[in-house]
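Enquirer: Starting from these lines, generate the structure:
(chains A and B)
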Protein chains: 2
Amino acid sequence: MGERIFTAAVIVIGNEILSGRTQDTNLRDIAIALGSWGIRVGEARMIPDIESTIVAVVNEVRVRYDYVLTTGGIGPTHDDITAASIAKAFGVELIEHPQIAEFLRTRRAASPDVMAARLRMARVPRGAGLIDNSTGGPPGFCIENVYVMAGIPVVMRAMLASLEHQLQGGAVMQSRSMTIYTGESTIARQLEAIQLAYPEIEIGSYPFMKEDRAGTTLVMRGTDVVQLDAVERQVRDMVIQAGHTPM
Amino acid sequence: MGERIFTAAVIVIGNEILSGRTQDTNLRDIAIALGSWGIRVGEARMIPDIESTIVAVVNEVRVRYDYVLTTGGIGPTHDDITAASIAKAFGVELIEHPQIAEFLRTRRAASPDVMAARLRMARVPRGAGLIDNSTGGPPGFCIENVYVMAGIPVVMRAMLASLEHQLQGGAVMQSRSMTIYTGESTIARQLEAIQLAYPEIEIGSYPFMKEDRAGTTLVMRGTDVVQLDAVERQVRDMVIQAGHTPM
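Expert: Presented below is the predicted three-dimensional model:
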């Protein structure tokens, strides 16, 4: 169609993801939101809280995607090194953002130490813009095409929601799906034939086991609804002809 | 301690992860298993079903980690391109593995087409070894330090379990954790002081919101149990002194 495709990379930052202590759910929430805004997630990186790694990965992906969204590592403790790492990636100074600092100072602190720790959350790379946080906590920030969000899912989602009108997207990927209870092999050849006939529609076959029964979900995705509907009809006819019941 | 540290990268292959359709859980299962075998996951990559991407990412990480574990894309349909991509990454031919083919041929097929599709699952890079699959399906495979497993979680876990005695690990990372209901800022300075005194122990602070209450879980990780216990005592004392109740 010639329409510009918008892409993003997601970087999930945190040792707890790589140790298995925490199940990441942010990638999925981000992918669904961006998808609905016409932006495709091209890859995701789960990386540890190591400055050199964050710098290298951010610099690798920010030139390859329209947008980079990161989650994690922007709290007040010593292991929150994302803001400093992003500043280093861009070769700019880490500054205390006056607006965030003012916001943080409005809250009572038990001691100067506590306030000093809290003010770590005001540190952003020089030149950064802010990402609203409707949960009442401090904001995230963005610099060029890199959007830095919190790791706590409820806070991440609030920041993500505020990006809706900030990120430009293209045509939205539409999808159709149907589930059949059969092994994939029984429809593999016919499915491939349909895929070959419609290269612009992405046809995926996702097998699963449910109560010891093998099934597969066929997913068709594309931006051209006319083609998508045609593919859906062909897949449905094929499935029925092969003796299965599409659900 | 000078002991050798064993590392791994995880590659999750599949468009459905990046579209948000599917919530990946394989990374966490792999990270927990490898951790218990003394192998640390250094990074994870979520990538699409695109051959050139799979080839590039596999070749990038296999030289940087002791082990690479992949999940997804080894079924019988056209979008299952992992085996062919891995063969290309290693510059070897994709062959039909006689043992897998024989296994697949023992099962009745409705037609030659169905058997042909099923035999796609017998294709492995020349020289590959097999990864047992106790669920009754075809095996995964390994080539050099790359271990290729199914994407369906129950099948992936079966393959992963069979790797326990195949992958050599080092000292197992032990961990201690405690949860306190307070914002992180209230203990940030003291926590950093303890971290600075024990650089070999990794101290993480993981904030969360539970029923609108802010809490944080402090996690201490390391292979030296004596140091770990010392750090746990210091963190506990510090938390109590700061007026909180460790749980």
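
Enquirer: show me the contacts for the residue most central in space within chain A.
Expert: The centre of chain A sits closest to A:Ile30, judged by C-alpha atoms, centre = their mean, with a distance of 3.4 Å. Shown in contact with A:Ile30 (C-beta atoms under 8 Å, 6 or more residues apart in numbering or on different chains): A:8, A:10, A:41, A:69, A:71, A:156, A:160, B:20. (C-beta placed from N, C-alpha, C; glycine too.)

Enquirer: can you list the domains in chain A?
Expert: Here the domain assignment for chain A is A:6-162, A:174-241, based on automatic domain parsing.

Enquirer: so for the first one, what's the average pLDDT?
Expert: Mean pLDDT, computed over domain A:6-162, is 96.

Enquirer: Keep only those of the contacts of A:Ile30 that are in helices.
Expert: Using DSSP state H, the members of these that fall within helices are A:156, A:160.

Enquirer: Would you map the strands across chain A?
Expert: A:6-13, A:39-47, A:67-71, A:94-96, A:123-125, A:129-131, A:140-143, A:146-149, A:174-180, A:202-210, A:213-222 (DSSP state E).

Enquirer: Now the helix ranked longest in chain A: buried residues?
Expert: In terms of residue count, the longest helix belonging to chain A (DSSP H) is helix A:225-241. For helix A:225-241, burial by neighbour count (16 or more other C-beta atoms under 10 Å in any protein chain shown) applies to A:228, A:230-232, A:234-235, A:238-239.

Enquirer: so which of the contacts of A:Ile30 is the most crowded?
Expert: Greatest neighbour count in these, by other C-beta atoms under 10 Å in any protein chain shown, goes to A:Leu69: 32 neighbours.

Enquirer: related to what we said a few turns ago, which of the domains of chain A sits most buried?
Expert: With neighbours defined as mean count of other C-beta atoms under 10 Å in any protein chain shown, the domains of chain A peak in mean count at domain A:6-162, which reaches a mean of 20.

Enquirer: quick one: pLDDT of A:Thr223?
Expert: With respect to pLDDT, A:Thr223 scores 95.

Enquirer: oh, I was asking about A:Met1
Expert: At A:Met1, the model reports a pLDDT of 48.

Enquirer: Apart from its chain neighbours, what residue comes closest to A:Thr82?
Expert: A:Gly73 (3.4 Å; C-beta to C-beta, 6 or more residues apart in numbering or on different chains).

Enquirer: list the contacts for the one you found?
Expert: So A:Gly73 contacts A:13-14, A:49, A:54, A:79-83, A:85, A:151 (C-beta under 8 Å, 6+ apart).

Enquirer: can you do 10 Å?
Expert: A:12-15, A:47-49, A:54, A:79-86, A:148, A:150-151 (C-beta atoms under 10 Å, 6 or more residues apart in numbering or on different chains).

Enquirer: do the same with A:Ala193
Expert: Counting by C-beta under 10 Å, 6+ apart, A:Ala193 touches A:234, A:238, B:78.

Enquirer: Name the nearest of these relative to B:Leu104.
Expert: B:His78 (17.7 Å; C-beta to C-beta).

Enquirer: tell me the contacts of the closest one?
Expert: Residues near B:His78 by C-beta under 10 Å, 6+ apart: A:188-189, A:191-196, A:203-205, B:49, B:117, B:120.
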